[in-house]
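Q: A predicted structure for the sequence below; I have some questions about it.
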Protein chains: 2
Amino acid sequence: MKYTKATNYALHIMAYLVQQQGKDNLSLQPLASHMNISPTYLSKILTQLVKADLIQSTPGMNGGYSLRKSKDEISFYDVIQAIEGSGALFTCEMDESNDCHIERVMRDAEEKMVYHLKEKKIYEIL
Amino acid sequence: MKYTKATNYALHIMAYLVQQQGKDNLSLQPLASHMNISPTYLSKILTQLVKADLIQSTPGMNGGYSLRKSKDEISFYDVIQAIEGSGALFTCEMDESNDCHIERVMRDAEEKMVYHLKEKKIYEIL
DNA sequence: AAATTACGGACTGTATTTATCTATAATTAT
DNA sequence: ATAATTATAGATAAATACAGTCCGTAATTT
């Protein structure tokens, strides 16, 4: 089990966008070269961030991407969830009458991690 | 990102072995039917648990599997690590001079989860 | 209308996971 | 010794997920 590469990218992208906040819209091409990812692939990731309402996109000339929320409202967890989805890391496969003790422990543990990721905002690392 | 099915099985297997502790060695076939997994696949998982020193195996008649450690020494984390390995969930891909702030946050968060999983012993859920 | 920009769908290659089959090795009972 | 019982290892295959590309479409501004 590992975080996907897309999550890796997404976190770095968001960090960059927070840093560049206030300046002109960043469009795909420049962002792609700065990040060293192919534009089309980057686009997929950005679209996911748009759908999660973390950034907004505007088409047309001088379009591009910019933050949607204030920077102190964007947590690590927000970004991760946008890419990885919101399902639990562990779900019991043996159907132990849908109240599996193992699952409960695993979820509690995950909660500890999630709590930390919700507290920590992206801007804090800049 | 999700825990593998094998981890799911491993936790249930260990819970069962802790429960059956003291009785005769459990051999592959009965264990497989109790768990509802194919014997050969189960065998792979058990071998990983053996290599992690959580259980021991004895071949020959009346052989099978049994715990290697006392039950209060077997944590959730021990079992998970035996299957998933010990690498971090997140490693920075952009080589930010090998001191990535994002990675540090991600590892701290993971640590919170791991701490909880190390504290929690399998026998506690029985 | 033209240029610039993002979005969406289809597709491909690769890696990982899940699983099976078969042959081999080790131990115990007869 | 031999046979029965048990675990282990390797090869393989199917299924899923991940990473990435290509290309056509839609929206906005000049």
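A: Ah, there it is. Numbering: from 1, shown residues only, chains lettered A, B, ... in the order given.
Q: mind checking how far the residue minimising distance to the centre of chain A is from residue A:34?
A: By CA atoms, centre = their mean, chain A has its centre lying nearest to residue A:79, at 1.9 Å. Separation of residue A:79 from residue A:34 (CB to CB, to the nearest Å) stands at 18 Å. (C-beta placed from N, C-alpha, C; glycine too.)
Q: returning to what we had before: check for me that the residue nearest to the centre of chain A belongs to a helix.
A: Yes - residue state for residue A:79 (DSSP: H, G, I helix; E, B strand; the rest coil) corresponds to a helix.
Q: My guess is it contacts residue A:12. True?
A: No - if you go by CB atoms under 8 Å, residue A:79 and residue A:12 don't touch, sitting 9.8 Å apart.
Q: near DNA strand C, anything from the top helix by length along chain A?
A: If you go by DSSP state H, chain A has its longest helix at helix A:101-119. No - on the criterion CB under 7 Å from any atom of the strand, helix A:101-119 is out of touch with DNA strand C, staying 14.5 Å away.
Q: Can you show me the CA trace of that helix as CSV?
A: Output in CSV follows, covering the C-alpha atoms of helix A:101-119 (Å, rounded to 0.1, in the frame of the first residue of the first chain):
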residue,chain,number,x,y,z
HIS,A,101,-13.6,-5.7,15.4
ILE,A,102,-10.5,-5.7,13.2
GLU,A,103,-12.1,-3.1,11.0
ARG,A,104,-12.9,-0.9,13.9
VAL,A,105,-9.3,-0.9,15.1
MET,A,106,-8.0,-0.2,11.6
ARG,A,107,-10.4,2.7,11.2
ASP,A,108,-9.5,4.2,14.6
ALA,A,109,-5.9,4.1,13.5
GLU,A,110,-6.6,5.7,10.2
GLU,A,111,-8.5,8.4,12.0
LYS,A,112,-5.3,9.3,13.9
MET,A,113,-3.5,9.9,10.7
VAL,A,114,-6.4,11.8,9.1
TYR,A,115,-6.7,14.0,12.1
HIS,A,116,-3.2,15.1,11.7
LEU,A,117,-3.6,15.7,7.9
LYS,A,118,-6.7,17.8,8.5
GLU,A,119,-4.9,20.0,11.0
